[in-house]
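Asks: Predicted model, plus sequence, below.
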2 protein chains.
Amino acid sequence: MAERQPFGRDLVIAYVELLEARDWAGFARLLASDIVYELPQTGERVRGRERFVRFNHEYPGDWHLRVRDAYGDAFGGAVHLACRVGDDDLDAVGFLRFDEDGLIVKITEYWPEAYEPPAGRQHLTERS
Amino acid sequence: MAERQPFGRDLVIAYVELLEARDWAGFARLLASDIVYELPQTGERVRGRERFVRFNHEYPGDWHLRVRDAYGDAFGGAVHLACRVGDDDLDAVGFLRFDEDGLIVKITEYWPEAYEPPAGRQHLTERS
């Protein structure tokens, strides 16, 4: 019997877990052949399953991913990631869209960087 | 009869729409009194409903919010926002947690900024 394809929030989590496991064959099975991966911060875009698997496979550094929050429905999902690259901790965020076959067809990913808070709101905020 | 409190994805969307409408009373009704709002990029934190409403109320500029993607369940949700501040377009991302009363008790928000792509992946990417 064919294995059941994960759905909704489970698909979002499977996407992260198969990446973390470097299970490239399992990872590729979640992706539509015409997947588009976008990084709006750099304007970069990767088109197609094969290139996108390779993009992740070739990604440099000893990177590790942990799901902090994940949501999903029949149409797509969102994930909040705690990432560790070497000794550095980073946050990342991804929004996924699924196609009619339940495959990931679009990913929009952000890697937010630290910045100085604007002036004028110290009366309402504390800082960690 | 009391109005039904929005739930799941609808609560995420109501949060954005009441902000956009500057409906501060309606906005406050979605929030737990002990809400914590976090901006990990600046390390800023705003504690409590009153301060958080004021933080938004006082937020400078002619800002407008549009939901690009929203997901949610009984425990929380995620939103991908297209923001316009004056003539500038910005992306923002929020992760929300709900309490047992269905009120928003935690928000983690990111305002990702542009950066130059790292070298070594131009063979897999295109740029917009």
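Replies: Good, I have the coordinates. Keep in mind it's a predicted model, so treat the numbers as computed, not measured.

Asks: Could you pull out the helices in chain A for me?
Replies: Ranges of helices in chain A, per DSSP state H, are A:8-20, A:24-28, A:49-57.

Asks: Looking at the ones you listed, which is nearest to B:Ile35?
Replies: Distance to B:Ile35, taken as CB to CB, is lowest for helix A:8-20 among the helices of chain A, at 23.9 Å. In short, each C-beta sits where N, CA and C put it, glycine included.

Asks: Distance from the helix or strand bottoming out on mean pLDDT in chain A to the middle of the chain?
Replies: Taking mean pLDDT, DSSP states H and E as the measure, strand A:126-127 is the helix or strand of chain A with the lowest mean score, a mean of 92. Taking CA atoms, centre = their mean, to the nearest Å, one finds strand A:126-127 lying 29 Å from the centre of the chain it belongs to.

Asks: strand partners of it, parallel vs antiparallel please.
Replies: The partner list of strand A:126-127 in its sheet, established with DSSP bridges, is strand B:44-47 (antiparallel).

Asks: Report pLDDT for the residue sitting nearest the centre point of chain A.
Replies: Centroid check for chain A by CA atoms, centre = their mean gives A:Gly94 as the closest residue, at 4.2 Å. We have a pLDDT of 98 for A:Gly94.

Asks: what's near enough to touch A:Gly48?
Replies: Counting by CB atoms under 8 Å, 6 or more residues apart in numbering or on different chains, A:Gly48 makes contact with A:Ser33, A:Asp34, A:Ile35.

Asks: List just the nearest of those to chain B.
Replies: Each of the contacts of A:Gly48 was checked against chain B using CB to the nearest CB; the closest is A:Ile35, at 12.7 Å.

Asks: roughly how far apart are the closest residue to A:Arg29 other than its chain neighbours and A:Leu103?
Replies: Nearest non-adjacent residue to A:Arg29, counting by CB to CB, 6 or more residues apart in numbering or on different chains: A:Gln5, 7.8 Å away. To A:Leu103, A:Gln5 is 8 Å away according to CB to CB, to the nearest Å.

Asks: if you count what's nearby, which of those two comes out ahead?
Replies: Between A:Gln5 and A:Leu103, counting by other CB atoms under 10 Å in any protein chain shown, A:Leu103 is the more crowded of the two (17 against 13).

Asks: got a list of what the closest residue to that one other than its chain neighbours touches?
Replies: Excluding its sequence neighbours, the residue lying closest to A:Leu103 (CB to CB, 6+ apart) is A:Ala32, at 4.1 Å. Neighbouring residues of A:Ala32 by CB under 8 Å, 6+ apart: A:Arg49, A:Asp99, A:Asp101, A:Leu103, A:Ile104, A:Val105.

Asks: can you tell me which of the residues you listed are in strands?
Replies: Secondary structure assignment by DSSP state E places A:Ile104, A:Val105 of those in strands.

Asks: residues near the residue lying closest to A:Arg84 once chain neighbours are set aside, how many?
Replies: Nearest residue to A:Arg84, sequence neighbours excluded (CB to CB, 6+ apart): A:His64, at 4.6 Å. Counted by other CB under 10 Å, the residues lying close to A:His64 total 13.

Asks: next one: the one 5 residues further on
Replies: Other residues near A:Asp69 come to 20 when the count uses other CB under 10 Å.

Asks: In CSV: the contacts of A:Ala32, plus pLDDT.
Replies: Written out in CSV, the entries for those read as follows (pLDDT from 0 to 100):
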residue, pLDDT
A:Arg49, 98
A:Asp99, 97
A:Asp101, 95
A:Leu103, 98
A:Ile104, 98
A:Val105, 98
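
Asks: ok, now which ones touch the residue nearest to A:Arg84?
Replies: Residues in contact with A:His64 (CB under 8 Å, 6+ apart) are A:Glu20, A:Cys83, A:Arg84, A:Val85.
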